[in-house]
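Participant: Here's a sequence, model it:
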Amino acid sequence: MTGILEPLAGTAPAVWEKLDDRFAGIRGDSRLERLWTGGRWVEGPVYSAAGRYLLWSDIPNDRILRWDETSYQVSVFRNPAGNTNGHTRDTEGRLVSCEHGNRRVTRTEHHGGITVLAHEYDGKRLNSPNDVVVKRDGSVWFTDPAYGIDSDYEGYQGQIETGGCHVYRVSPDGVLTRVADDFNRPNGLAFSVDESLLYITDSEEATIRVFTVDGDKLSGGELFAECGNGIFDGIRLDTQGRIWASAADGVHIYHPDGTLLGKLLVPETVSNLTWGGPKRNRLFLTATTSVYSLFTTANGAPEAYGPRR
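Facilitator: Reported below is the predicted structural model:
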């Protein structure tokens, strides 16, 4: 599967729903750009500032797609792709990916080769790594639910070998450790702006929990939020520390104190989100079959590969 797919696939209303007075400063475009549609279940958006493009996964179709910011054209970046799900970039800007089908976390090198970062824990295969973030010290943190082995739809049907669905950390020198083992199905995750906290969603419990980060360890794990519509999947933060969480009706935006400030309503169930553009004020959404974007008055929190604001 190669070549150009299709350009902009229309627009849709962007409805901002205010639920708290502190939401007043958050606004943006009145319409969502539908950059592409035609997937089965799309996830894992990641933006390349240097290349000015967006990558995302179309998991059941086993491909990574690429949208060019300069031409609005979409093409196939990788196929087959190991039924990849979540992506991020490391401190050197290299692509880090969770592969459901291959039950591993990989890094795409600058020369195009693939390096395996994690594929087993204590001699047992991982389930199906789902989402991933990189800390500024170079460590890689990822969730490992079993969606890719539940059936052949998002990977290959298989058995849980690790005793459950957990959260892991890969140290800069490649050592894999388990950092949380009391989840049902851990899914999206994101660090606070100063990296002192780690927010993790549990998609089966429809919750977000918050942990204190102490070097290579987590503590706490208190309930931060419960989803009022569907489940939480992917999450990202803005520079003010607000948590933007995907949900069935769009994106829910939370104050760091846990208050639901408001929502961005989207016509399809949102699976994941990321920030991009030169000012990191362009919000990209993967939502069921489509990819959307809009410009907002918020700016995405710095990533490990970017400058601190």
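
Participant: going forward, measure contacts between C-alpha atoms and count neighbours the same way
Facilitator: Noted.

Participant: Put the alpha carbons of the helix or strand harbouring residue 75 into CSV.
Facilitator: Taking DSSP states H and E as the criterion, residue 75 maps to strand 74-78. Taking C-alpha atoms only, strand 74-78 is exported to CSV below (Å, rounded to 0.1, in the frame of the first residue of the first chain):
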residue,chain,number,x,y,z
VAL,A,74,-1.7,11.6,3.3
SER,A,75,0.4,8.7,2.5
VAL,A,76,1.4,5.3,4.0
PHE,A,77,4.5,5.6,6.2
ARG,A,78,4.8,1.9,7.1
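
Participant: Just list what it packs against, helices and strands only.
Facilitator: Where contact means 3 or more C-alpha pairs under 8 Å, 6 or more residues apart in numbering; DSSP states H and E, strand 74-78 is packed against strand 63-68.

Participant: which residues sit against the strand it packs on?
Facilitator: 35, 52-58, 73-84 (C-alpha atoms under 8 Å, 6 or more residues apart in numbering).

Participant: Check stretch 179-186 too.
Facilitator: Applying C-alpha under 8 Å, 6+ apart, the external contacts of stretch 179-186 come out as 143-146, 164-169, 200-205, 216-218.

Participant: now swap in stretch 15-26 and tell me
Facilitator: Residues contacting stretch 15-26 (C-alpha under 8 Å, 6+ apart): 27, 30-31, 260-266, 296-298.

Participant: who does the host helix or strand of residue 167 pair up with?
Facilitator: Secondary-structure element containing residue 167, defined by DSSP H and E: strand 166-170. Using DSSP bridges, strand 166-170 pairs in its sheet with strand 140-144 (antiparallel), strand 176-180 (antiparallel).

Participant: deepest of those, which one?
Facilitator: With neighbours taken as mean count of other C-alpha atoms under 10 Å, the strands paired with strand 166-170 reach their highest mean count in strand 140-144, at a mean of 27.

Participant: From the chain's centroid, how far away is the helix or strand that it is followed by?
Facilitator: As assigned by DSSP H and E, the chain's next helix or strand after strand 140-144 is helix 147-150. Centroid separation for helix 147-150 versus its chain: 18 Å, with C-alpha atoms, centre = their mean, to the nearest Å.

Participant: If you count neighbours, what's buried in the strand ranked longest in the chain?
Facilitator: Using DSSP state E to define each element, the chain has its longest strand at strand 217-226. Using 16 or more other C-alpha atoms under 10 Å as the test for burial, strand 217-226 gives 218, 221, 224, 225, 226.

Participant: can you list contacts of it?
Facilitator: For strand 217-226, contacts defined as C-alpha under 8 Å, 6+ apart pick out 179, 180, 206, 207, 208, 209, 210, 211, 212, 213, 258.

Participant: Let's see that with 6 Å instead.
Facilitator: The contact list for strand 217-226 (C-alpha atoms under 6 Å, 6 or more residues apart in numbering) reads 206, 207, 208, 209, 210, 211, 212, 258.

Participant: Neighbour-wise, which one of those residues leads?
Facilitator: Within the contacts of strand 217-226, neighbour counts (other C-alpha atoms under 10 Å) peak at residue 208, which reaches 28 neighbours.

Participant: got a list of what residue 82 touches?
Facilitator: Residues near residue 82 by C-alpha under 6 Å, 6+ apart: 99, 101, 102.

Participant: Would you mind giving the secondary structure of the second one?
Facilitator: What DSSP: H, G, I helix; E, B strand; the rest coil gives for residue 101 is coil.

Participant: Could you export the host helix or strand of residue 85 as CSV, CA atoms only?
Facilitator: Taking DSSP H and E as the criterion, residue 85 maps to strand 84-89. C-alpha atoms of strand 84-89 as CSV (Å, rounded to 0.1, in the frame of the first residue of the first chain):
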residue,chain,number,x,y,z
THR,A,84,1.3,-0.3,16.1
ASN,A,85,-0.7,1.8,18.5
GLY,A,86,0.9,4.6,20.5
HIS,A,87,3.9,6.6,19.4
THR,A,88,6.1,9.3,20.8
ARG,A,89,9.6,10.7,20.2
